[in-house]
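J.: got a predicted model here, sequence first, then my questions.
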Amino acid sequence: GILATGVDNLTIDNLTIDTNRDGMDIDCCHNVRVTNCNVNSPWDDGICLKSSYALGYKRSTKDVVISDCIVSGDFQEGSVINGTYKLFDSTAHVNHTGRIKLGTESNGGFKNITITNCVFDRCAGLALETVDGGDLEDVSISNITMRDIYNMPIFLRLGSRLRGPQGIKPGALHRVNISNIV
């Protein structure tokens, strides 16, 4: 739906995205506000923050607020936009992803991220992942409602895939607060 790389002072408000790819990829961006959005993405992530090496150097994704959004992953493509919210047939093999995710692309790390007042509906849960050397720090997640989650409701991953230039060392998670999850 949206691929923003290296964009500063970005506001995404009141969008409905219904896609077979990531709904939003926000990569190496600073000062971002995502509010009042409805993202259906059954085959991939709904709202995904990244900090890849796409700019040719490490740059964090920082100062991001995601609030008052709905992410889903089990409605047929196009049915959220037209308001019918048709579920896939029970025999269909669907990833049911559609979640809010930080990573896995994570060279530059994530700083000062707030996710609040969001609903996860018929999708995967929240994922915080740093595997490419960046730190994930000062993250506050609160007031989240999850309904019909298909796998882990909260997934934290610190790994050492280390995709990027030579000499990268594993990152770390610091000061992550997750509260008031239903």
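T.: It's in.

J.: tell me who's in contact with residue 160.
T.: Counting by Cβ atoms under 8 Å, 6 or more residues apart in numbering, residue 160 makes contact with 131, 170. C-beta: built from backbone N, CA, C; applies to glycine.

J.: I meant to write residue 151 there.
T.: Contacts of residue 151 (Cβ under 8 Å, 6+ apart): 96, 124, 125.

J.: now residue 162
T.: Counted by Cβ under 8 Å, 6+ apart, residue 162 has contacts 131, 132, 133, 168, 169, 170.

J.: among those residues, who's most crowded?
T.: residue 132 (26 neighbours; other Cβ atoms under 10 Å).

J.: that one contacts residue 165, doesn't it?
T.: No. Taking Cβ atoms under 8 Å as the definition, residue 132 is not a contact partner of residue 165, at 10.2 Å.

J.: which residues do the two both contact?
T.: Common contact partners of residue 132 and residue 165 (Cβ under 8 Å, 6+ apart): residue 53.

J.: show me the two of the contacts of residue 162 that sit farthest apart.
T.: In the contacts of residue 162, two members sit farther apart than any others by Cβ to Cβ. They are 131 and 169, at 12.0 Å.

J.: ok so, going back, of all the contacts of residue 151, which comes closest to residue 114?
T.: Of the contacts of residue 151, the one sitting nearest to residue 114 (Cβ to Cβ) turns out to be residue 125, at 17.9 Å.

J.: and for that closest one, the neighbour number?
T.: Around residue 125 there are 18 residues (other Cβ under 10 Å).
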